[in-house]
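1. next input, structure requested:
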Amino acid sequence: MLIKKRQRDSAEIPSSSLADIAFLLLIFFLLVTTIDVDTGIGLVLPPAPQENQQPPPIKERNILNILVNEEGLVLMDEEPTPVGQVKTKVKEFIDNNGQNPELSDSPEDAVISIKTSRQTPYSIYIDMFDEVVGAYAELRNAAAQAEFGVNYSALEEDSPAQEKIADMYPKQISIAEPDPGEGE
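-> Numbering: from 1, shown residues only. Okay, here's the model as predicted:
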């Protein structure tokens with residue numbers, strides 16, 4: 001006697017609620033995921049000068065010239081400087097208070113002038129700019145610690161204490177028009 005094997009139905013996974021589960025997972029991931037938004041470089045521009053207004057006179061010693069050339073070399077007052085030393089030199093320049101005759105008279109008078117060429121590597125420029133802004137942040141934090149016992153960022157926004165520290169170390173950064181590149 002021949003015994004026939006019964007054919008079994010293939011096992012199936014019920015897929016009726018699969019679309020619902022996929023939709024719920026999609027909503028979950030959309031809610032939980034954070035999306036980083038590039039904000040760019042945050043600068044507060046000074047007000048536009050009047051038409052016939054001349055720029056105020058600035059002593060040459062109160063200007064720190066920073067040039068980032070097309071090879072990515074940082075020159076501070078025509079002296080090659082590694083990007084890692086920019087913050088230290090900027091802090092020394094700003095916080096001189098007239099002691100060294102080659103550096104600024106005071107933090108209120110110090111101006112950082114940044115100039116690039118059109119072929120300057122963007123990453124070098126950003127690293128150098130971060131160092132300059134970091135120098136101001138460190139000077140303001142030190143002054144806020146000395147005056148109020150807290151970091152500058154911990155002071156209440158637009159408070160008299162924060163304004164006092166900002167007036168002690170005003171960010172005076174001049175970004176010059178880039179040199180024209182080759183073929184322009």
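2. what does the helix or strand bottoming out on mean pLDDT in the chain rub up against?
-> Lowest mean confidence among the helices and strands of the chain (mean pLDDT, DSSP states H and E): strand 173-175, at a mean of 87. By CB atoms under 8 Å, 6 or more residues apart in numbering, the residues outside strand 173-175 that reach it are 43, 111-115, 132-133. Bear in mind the C-beta positions are built from the backbone N, C-alpha and C, glycine included.
3. how about stretch 124-131: buried residues?
-> Across stretch 124-131, burial judged by 16 or more other CB atoms under 10 Å covers 124-125, 127-129, 131.
4. ok, so of these, who is nearest Ala22?
-> Here the nearest of the buried residues of stretch 124-131 to Ala22, counting by CB to CB, is Asp127; it sits at 43.7 Å.
5. how near is the closest one to Ala48?
-> Using CB to CB, to the nearest Å, we find Asp127 at a distance of 30 Å from Ala48.
6. now do stretch 153-169, average pLDDT.
-> Per-region confidence: stretch 153-169 scores 90 on mean pLDDT.
7. what about that stretch, start to end distance?
-> 14 Å (CA to CA, to the nearest Å).
8. same check on stretch 31-47?
-> Stretch 31-47 end-to-end distance (CA to CA) = 41 Å.
9. name the residues that touch the strand or helix carrying Ala19?
-> Take DSSP states H and E as the rule and Ala19 turns out to sit in helix 18-32. Outside helix 18-32, no residue is within contact range by CB under 8 Å, 6+ apart.
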